[in-house]
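In: Give me coordinates for this.
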Amino acid sequence: MNQTPVYTPISQDRIAELTTMATEVDAVIHVIRRVCVRQDRDWHHAIGEAVTCCTKGYDTCTGPEVYEKFRPVSYMKEEIDIVLICYHTKIQELYRSALLDWEEKTGLQATVPREIFAIGEGHKDLRVQMRCFPGSMYLVAPIEGLIEDCLKFLFLEWTDSDRYVGVDLVDHLLTSGSWFAFREPSPEPVQ
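Out: The predicted structure follows:
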């Protein structure tokens, strides 16, 4: 029997702590509350609900080379808070260590693609809410996969009127509009 975990919001004290830690690495954070994630949801359906336009990287992201790399991590449906971090300075040369350091220092874990798809589905106007103007906003799941013989990240892109899914090298995503998504670790299943 699958149990739905109880929603546990990130406390204001924890947000203040994360905000201070982000400032120390020349970054800012934004917390998205109550993201409803179904980890075992069909890949194509999850993408279809997250995007408004099936052009750009859609064919690549829906191909077996990509979705085979990102199999479901559980069979739970859960509501979680997701912490987004955006770096002010280019971390291009050190992106792996910067993201790994953030994960290690904060105790957060990198999101998986289905979690950012859930944001696209449930928070369609996120770009407006976050006042990310002008240009595109990228929401990146910082889990790399070997795709087309390169290590790449999967992302959602918000433009003025559409949301796209894509996969790209991280150095192409390191713009002022890129937000890397993390979450508190999942609780251990109740036995």
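In: Let me see the contact set for the nearest residue to residue 53 once chain neighbours are set aside.
Out: Closest residue in space to residue 53, ignoring its immediate chain neighbours: residue 162 at 4.3 Å, by C-beta to C-beta, 6 or more residues apart in numbering. Every residue, glycine included, has its C-beta placed from N, CA and C. With contacts defined as C-beta atoms under 8 Å, 6 or more residues apart in numbering, the neighbours of residue 162 are 51, 52, 53.
In: Can you tell me which of those are buried?
Out: residue 51 (16 or more other C-beta atoms under 10 Å).
In: Using TSV, please lay out the contacts of residue 162 together with secondary structure and pLDDT.
Out: Output for the contacts of residue 162, formatted as TSV (DSSP: H, G, I helix; E, B strand; the rest coil; pLDDT from 0 to 100):
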residue	secondary structure	pLDDT
51	coil	86
52	coil	83
53	coil	76
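In: Could you tell me how far the residue nearest to residue 53 is located from residue 156?
Out: 11 Å (C-beta to C-beta, to the nearest Å).
In: Quickly list what's touching both of these two.
Out: Shared contacts of residue 162 and residue 156, counting by C-beta under 8 Å, 6+ apart, come down to residue 51.
In: Output the below-cut-off pLDDT ranges for the chain.
Out: Applying pLDDT under 70 to the chain flags the ranges 1-3, 55-58, 89-96, 133-134, 144-151, 169-176, 187-191.
In: try 90
Out: 1-6, 25-26, 39-49, 51-77, 86-101, 112, 124-138, 141-155, 157-178, 186-191 (pLDDT under 90).
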